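Asks: The sequence isn't on hand, but the structure is:
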């Protein structure tokens, strides 16, 4: 097992990557499992990597009944949760459009509407929206009207649109489930001067029960996912790698992918993600594209901070905090962010 493979998969077995990779390529998986112990390991690793629902859809007829039952339970749980989220999204999208809010659906819901073939194969933990900064207050009023409550516990500050990291979350209680919607005024890991350019990369698709869902164009969404994959997840997790693989398998113009990554300053994360997609999942990616992305110029300061972000443990945490400060629009905003981080209640020492 190669170092790159270990980094992406953690302790998951080669079989899991072979099976999932075949599905990403549109091929039939080659199942070669020796005994019940290997089945058990496969189930546990698929759960740890967030792809157990997908694995259920790929099981052969020879799979043990107990294995099928466990994975079916995961799939049904994901399906039920996803349907709840998509039902809510079907109300959020037209309401925001009617209010004139400029936004795009990103990550889970957008992927379910564009590249995943069944709604239960990819778990959604929340609804992710990329929102134009000038429409932040309108967004809040629309979400409140729909019954969503903004969370104010974020240590980056209570004023959405003024807090440094420019993100907030909304929650809604549905029976025993607490649904969450994340709103972002900025794309994580993007080069600051390119922030406004993202709004020229919006298109509309029909999917997930919504006639006109605004999403990022494929090259822009690929840049967004790759930056998110390393900025938030340190380049770990098969679930996120499958997202990248599915988008990569649908690329019609690699030239647009390269140009978009250069424009947004995401050449390094896109290079790393595509390299791992080709190596670990065997999804065909032109080698000259991977090499081009590798050697394209990128702001040195941003590149060094990104290198920290893709290191596990403390260095990853330090990297994303420094990148947050680097991307702040002003020194007053930087100092306010540092002060709120220091004085936030959860950072205070408990009295002895």
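Replies: Looks like it came in fine. Computed from a prediction, not measured in an experiment: that's the story for all the values here. Residues are numbered from 1 along each chain as shown.

Asks: Show the residue spans covered by the strands in the stretch 51-200 of the chain.
Replies: Chain-ordered strands for the stretch 51-200 of the chain, with DSSP state E, counting those that start in this stretch as the definition, fall at 103-106, 127-131, 149-150, 167-174, 177-184.

Asks: for the shortest one, packing partners?
Replies: So that's strand 149-150. helix 136-145, strand 167-174 (3 or more C-beta pairs under 8 Å, 6 or more residues apart in numbering; DSSP states H and E). Every C-beta, even on glycine, is put in place using the N, C-alpha and C of the backbone.

Asks: Out of these, which gets the lowest mean score?
Replies: Lowest mean pLDDT within the helices and strands packed on strand 149-150: strand 167-174, a mean of 87.

Asks: hmm, who's touching that strand?
Replies: Identification of contacts with strand 167-174 by C-beta atoms under 8 Å, 6 or more residues apart in numbering yields 84, 88, 126, 143, 147-151, 154, 156, 160, 178-186.

Asks: Please, a PyMOL command that selects the buried ones among the residues you listed?
Replies: Buried subset of those, written as a PyMOL selection, criterion 16 or more other C-beta atoms under 10 Å:
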select buried, resi 84+88+126+143+148+150+154+156+160+179+180+181+182+183+184+185+186
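
Asks: re the thing from before, mind checking which of the strands of the stretch 51-200 of the chain is nearest residue 252?
Replies: Judged by C-beta to C-beta, the one of the strands of the stretch 51-200 of the chain that comes nearest to residue 252 is strand 103-106, at 19.9 Å.

Asks: pLDDT (mean, whole number) over the closest one?
Replies: The average of the pLDDT scores along strand 103-106 is 96.

Asks: centre of the chain versus that strand, how much separation?
Replies: Between the centre of strand 103-106 and the centre of its host chain there is 12 Å, according to C-alpha atoms, centre = their mean, to the nearest Å.

Asks: which ones are touching residue 289?
Replies: By C-beta under 8 Å, 6+ apart, the neighbours of residue 289 are 254, 257, 258, 274.

Asks: How about the contacts made by the first one?
Replies: Residue 254 makes contact with 286, 289, according to C-beta under 8 Å, 6+ apart.

Asks: Compare the strands of the stretch 51-200 of the chain and give me the one nearest residue 285.
Replies: Comparing those by C-beta to C-beta, strand 103-106 comes nearest, at 21.9 Å.

Asks: circling back to that earlier point, could the helices and strands packed on strand 149-150 go into a markdown table alongside distance to residue 38?
Replies: Output for these, formatted as a markdown table (distance: least, C-beta to C-beta, whole Å):
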| stretch | distance to residue 38 |
| --- | --- |
| helix 136-145 | 47 |
| strand 167-174 | 38 |
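
Asks: No more questions from me, cheers.
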